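okay, sequence plus prediction incoming.
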Amino acid sequence: MNPGFGAAELIIIVILALVVVGPKDLPLMMRKAGRFIGQMRAMARDFQNSFDELGREAELAELKKEVEALKKANPVSEVTEELRAAEADLKRSALDKPHPRAAAPAKPALGDEAMLPLDTDASETSKADAEPSATRKDA
């Protein structure tokens, strides 16, 4: 009940209703008043539920934003991206340079022409130059 109404006030309201409406129509009026109060309570309950639902939807949207932010700020994904970038850099640099533990080409000693890398054009001319001098010595 409403805190403003006590037992004395309710008795006065019932006596006035009896005098104004009459004893014959009083039960019908009380039923209509009860239905009206029930409808008002239902509307107030629906209104309150809609506000509660809006509040839950707002909280849910806020939670979704927080989850998305956490997914984007995932330190594991940042580390994996950095590792992938480092791996790509290493692969690119490995193509440009020989492996550091690979054997370095040996430098030939002076006068050791067999160890020198020969160009295909230069090897043909040096063989041609070497053969006539060999034939001259035989002749």
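Thanks, I have the structure now. Just so it is clear, the structure is predicted and the values come from calculations on it, not from any experiment. Numbers count the residues shown, from 1 in each chain.

helix or strand for Leu16, which one?
Assigned by DSSP states H and E, Leu16 belongs to helix 7-21.

can you get me a residue count around Met30?
Using other Cβ atoms under 10 Å, Met30 is surrounded by 13 other residues. Any C-beta I mention is one placed from the backbone N, CA and C, and that applies to glycine too.

and the pLDDT at it?
Note on Met30: pLDDT of 88.

begin at 136, not 1, for the rest of this chat.
With the count now opening at 136, the last piece we talked about shows up as Met165.

now it: how far from Arg227?
Distance of Met165 to Arg227, given as Cβ to Cβ, to the nearest Å: 90 Å.

buried sites along the helix holding Leu151?
Using 16 or more other Cβ atoms under 10 Å as the test for burial, helix 142-156 gives Ala152.

list the first helix or strand encountered after that helix toward the C-terminus.
helix 161-207.

so which elements touch that following helix?
helix 142-156 (3 or more Cβ pairs under 8 Å, 6 or more residues apart in numbering; DSSP states H and E).

for the helix it packs on, which outside residues touch it?
Leu161, Met164 (Cβ atoms under 8 Å, 6 or more residues apart in numbering).

re the thing from before, the helix holding Leu151 vs helix 161-207, what angle?
If you take axes from the mean of the first three to the mean of the last three Cα atoms, to 10 degrees, helix 142-156 sits at 120 degrees to helix 161-207.
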